[in-house]
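> build me a model:
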Amino acid sequence: QVQLVESGGGLVQAGGSLRLSCAASGRTFMSYAIAWFRQAPGKEREFVAAIRWSGGSTYYADSVKGRFTISGDNAKNTVYLQMNSLKPEDTAVYYCAANQRVVRPWTPPSSLEYWGQGTQVIVSS
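This is a model prediction of the structure:
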């Protein structure tokens, strides 16, 4: 089992920045892929970014490329999502998820094994 806990969400003005954290416990993270998804009210959950723990390969949704950066800290078993140049359309609940297989932008949320409880991000205009 893997337990995931997100933090770092909040209210920010457009153009601002936030850093989300996903702390993992349970099984070792090293063989997993970690991803961030988000879900806005009335919309489906969508892929944001993913990192392959071993090798460090990263993937991003087109909508966040150049603005968001995913990274990991092995020693802390924590994955971060640095979000810069935030836009009102980035407003959503952000979820951290873990999977033993690689997570790509087209990976459906239903195929991921473990999920955190989510953290709310609100970007005001």
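> which regions of this protein sit below the pLDDT cut-off?
Applying pLDDT under 70 to the chain flags residues 27-31.
> show residues contacting stretch 72-83.
17-25, 29-30, 34, 36, 48-49, 51, 53, 56, 64, 67-71, 90, 94, 96, 121 (C-beta atoms under 8 Å, 6 or more residues apart in numbering). In this view, the C-beta of every residue, glycine as well, is placed from N, C-alpha and C.
> residues in contact with the closest residue to residue 59 other than its chain neighbours?
Excluding the flanking residues, the one nearest residue 59 by C-beta to C-beta, 6 or more residues apart in numbering is residue 50, at 4.7 Å. Residues near residue 50 by C-beta under 8 Å, 6+ apart: 33-36, 58-59, 70, 102-105, 107.
> which of the residues you listed fall in strands?
33-36, 58-59, 70 (DSSP state E).
> beta-bridge partners for the residue most central in space within the chain, please?
The chain has residue 36 as the residue nearest its centroid, 2.1 Å off, counting by C-alpha atoms, centre = their mean. Assessed by DSSP bridges, residue 36 has beta-bridge partners residue 49, residue 96.
> ok so, going back, now the contacts of residue 50: which count as buried?
Burial by neighbour count, 16 or more other C-beta atoms under 10 Å: within those this picks out 33-36, 59, 70, 103, 107.
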